[in-house]
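K.L.:
here's a sequence, model it:
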Amino acid sequence: MGSSSSKFEITKPKTSGGTQEEEYIEDVVCKVQDIDENSMKTFDLSEHKVLLVKQKGVISALGTKCTHYGAPLANGALGDGRIRCQWHGACFNLKTGDIEDFPGFDSLPCYQVTVENDNVRVKAKKSDLMANKRVREMAKRKCPSIKNEKIVVVGGGPAGAICVETLRQEGFQGDIVLVCKESFLPYDRIKATKAMDFDVEKAQFRNDQFYKDNGIEVYKGVEATEVDTCSNVVKLSNGKELKYNKLFLATGSKPRRPEIPGADLKNVLVIRGYDDVHYAHSQLKPESEVVVLGSSFIGMEAASYCVGKVKSVTVIGRGAVPFGQIWGERLGAAVLKLFEDKGVKHIGNCGIAKINDNGEGAVSSVELTNGTTLKCDVLFLGIGVTFYTDFLKSSQINLRENGSIEVNEYLETNVPNVYAGGDIAYAPVFAHNNNKVAIGHFGLAHYHGKKAAENMLGKQDPIKSVPFFWTMLFGKGIRYAGHGKFDDVIYHGDVEGLKFVAYYLKANDVIAIAACGMDPVVSKFAELLNQGKKLTRTDVQEDTLAWSKS
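P.N.:
Residues are numbered from 1 along each chain as shown. Model prediction:
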């Protein structure tokens, strides 16, 4: 209905300590009956917007856009006491605005609501309305002392970055050290395959001053070389040793290089961090012929990025279509057609036998296992990952055969006070019957960082993870929630036109769904799983979307 016609007023309450007075805006924005139970709607507050949510008879007012990439939350999924963003799955608490699931770092502003004579009145700080995001209050670090408890976080990705912030937000006043292998502060690594020419300075989640202000010591361009779990010491590549009381390991995954002759030649490239893609982007010239080995998400995203920048792009995949094992052959074929329509050539059921040298130490061509030879100026490798955990082999931390680290429901390893999260963590997955899996999802890494921090401080709150993944291919956003191997798929919509929902079933249970152009259905499914509920074959067989409307 929009806002009422009553004139808004600005109040300036007094503040203590001589700080600048806060400017507030207050007005009636609607009638109670203008918003239905279990619904969300945006209303005007002066020249600004607020999001109203009614649930269990209570009206909450919050910021209107997801703090991650600015999705309008009125189009998101309303869960039990929280909103889940329809684009990438971030969740915000209705009462506090605090971010509860990820990706993203900032919480939503939450505004004061009063109801009088069926009029809904909202009062908000003008600065909050303008920013539409909020950093949770941080505890102050005690004066540095050898008596301070010290928590060391190894890994400058999203898990490590969220962990150090959460420690301060949860009241920890001891010493915190964040060790980053790259020469940058933690940044939005998801841009690496989606936008290789991104500005890493702008992509950093926080700046140096933020960490300084919050008493978080950061080592950049330094990696851990050894962990002595008997003496509680982390040894670093710069020669320093860090004594810790508690340790969080989130070193992530490293791209796999195949054992193929010529794999070490120049311009045979992996994609992981900024340095990788910054160099790769510099090699993409109009006359370049690009080959991508592996029809993985990283491989296909790299291929899509190259289109229009180079002479040709060819993907070599071991399956007949991309993503066949993950999403099924039908959806894989639809994605393949999208790529072929854009000029990408795909050679399936194939691999590379040899990478040839141009005589100057760089790739010139690749010989395929089917006998074909392709000219190649740049070869991208997208054939999976291993883990950055070799430095732990001399510790008492148990490493699995593939290098991942098994943790319990609190993300604690077999060594007390040592925790692990993100890609390297072989951890329980709530949406997968708490079976343990190592999953390399961006949002899940954030979540692990938060829960590890809380549990290191004694909260003992088990993780309740619902994997949420997305990819963007030629403007088509495909989202996926859930986990597990499926034995049947039920489709709704136009799969070949990439406007669909796919339900992946194991026996009679829907274990995951994928969708494109059907927001917020994947977020609704993720919230359903988060509440411990499930969909069955019966729920989706006849009226495939009825469940999402209830």
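K.L.:
run through the residues that contact P428.
P.N.:
P428 is in contact with N408, E409, N434, N435, K436, P462, I463, S465, counting by C-beta atoms under 8 Å, 6 or more residues apart in numbering. In this view, the C-beta of every residue, glycine as well, is placed from N, C-alpha and C.
K.L.:
check C306 too.
P.N.:
By C-beta under 8 Å, 6+ apart, the residues touching C306 are L284, V290, V292, V313.
K.L.:
grab the nearest non-local neighbour of the first one.
P.N.:
Across the structure, with C-beta to C-beta, 6 or more residues apart in numbering as the measure, the residue nearest L284 apart from its sequence neighbours is K309 (4.7 Å).
K.L.:
if I look at the one you found, how far off is L336?
P.N.:
K309 sits 21 Å away from L336, going by C-beta to C-beta, to the nearest Å.
K.L.:
between these two, which is the more surrounded one?
P.N.:
Applying other C-beta atoms under 10 Å to K309 and L336 shows that L336 carries more neighbours, namely 23 against 15.
K.L.:
and that one, helix, strand or coil?
P.N.:
Following DSSP: H, G, I helix; E, B strand; the rest coil, the label given to L336 is helix.
K.L.:
then V234?
P.N.:
Following three-state DSSP, V234 is assigned to strand.
K.L.:
got it, and K450?
P.N.:
Assigned with three-state DSSP, K450 falls in the helix class.
K.L.:
tell me who's in contact with it.
P.N.:
For K450, the contact set (C-beta under 8 Å, 6+ apart) comprises F102, I162, C163, T166.
K.L.:
same check on G497?
P.N.:
Neighbouring residues of G497 by C-beta under 8 Å, 6+ apart: A334.
K.L.:
give me the below-cutoff pLDDT ranges for the stretch 401-550 of the chain.
P.N.:
Across the stretch 401-550 of the chain, nothing is flagged by pLDDT under 70.
K.L.:
how about 80 then?
P.N.:
For the stretch 401-550 of the chain, residues meeting the criterion pLDDT under 80 lie at 550.
K.L.:
ditto for the stretch 151-300 of the chain
P.N.:
Within the stretch 151-300 of the chain, the set of residues satisfying pLDDT under 80 comprises 193.
K.L.:
what segments of it are strands?
P.N.:
175-180, 216-220, 224-228, 233-236, 241-243, 246-249, 253-255, 268-270, 289-293 (DSSP state E, counting those that start in this stretch).
K.L.:
so what touches the last one?
P.N.:
Here strand 289-293 makes contact (C-beta under 8 Å, 6+ apart) with 258, 284, 299-300, 302-303, 306, 310-316, 351-352, 366, 374-383.
K.L.:
what distance separates that strand from the centre of its chain?
P.N.:
Distance of strand 289-293 from the chain centroid (C-alpha atoms, centre = their mean, to the nearest Å) equals 27 Å.
K.L.:
quick one: strands adjacent to it?
P.N.:
Using DSSP bridges, the strands paired with strand 289-293 in its sheet are strand 312-316 (parallel), strand 378-381 (parallel).
K.L.:
which ones are touching the residue nearest to D488 when sequence neighbours are not counted?
P.N.:
In space, D488 comes closest to L505 once its chain neighbours are excluded; the distance is 4.5 Å by C-beta to C-beta, 6+ apart. By C-beta under 8 Å, 6+ apart, L505 lies in contact with F486, D487, D488, V489, I490, I511, R537.
K.L.:
helix, strand, or coil at L505?
P.N.:
At L505 the chain is in strand, as set by three-state DSSP.
K.L.:
assumed F525 was part of a strand.
P.N.:
No - F525: not assigned to a strand; according to three-state DSSP it is helix.
K.L.:
what sits against it?
P.N.:
By C-beta under 8 Å, 6+ apart, the contact list for F525 reads A481, G482, V510, I513, L535, S548.
K.L.:
who does the nearest residue in space to the second one that is not next to it in sequence form a beta bridge with?
P.N.:
Pointing back at G482 there. Distances taken as C-beta to C-beta, 6+ apart put A512 closest to G482, at 2.8 Å, once the chain neighbours are dropped. Counting by DSSP bridges, A512 forms beta bridges with G482, Y504.
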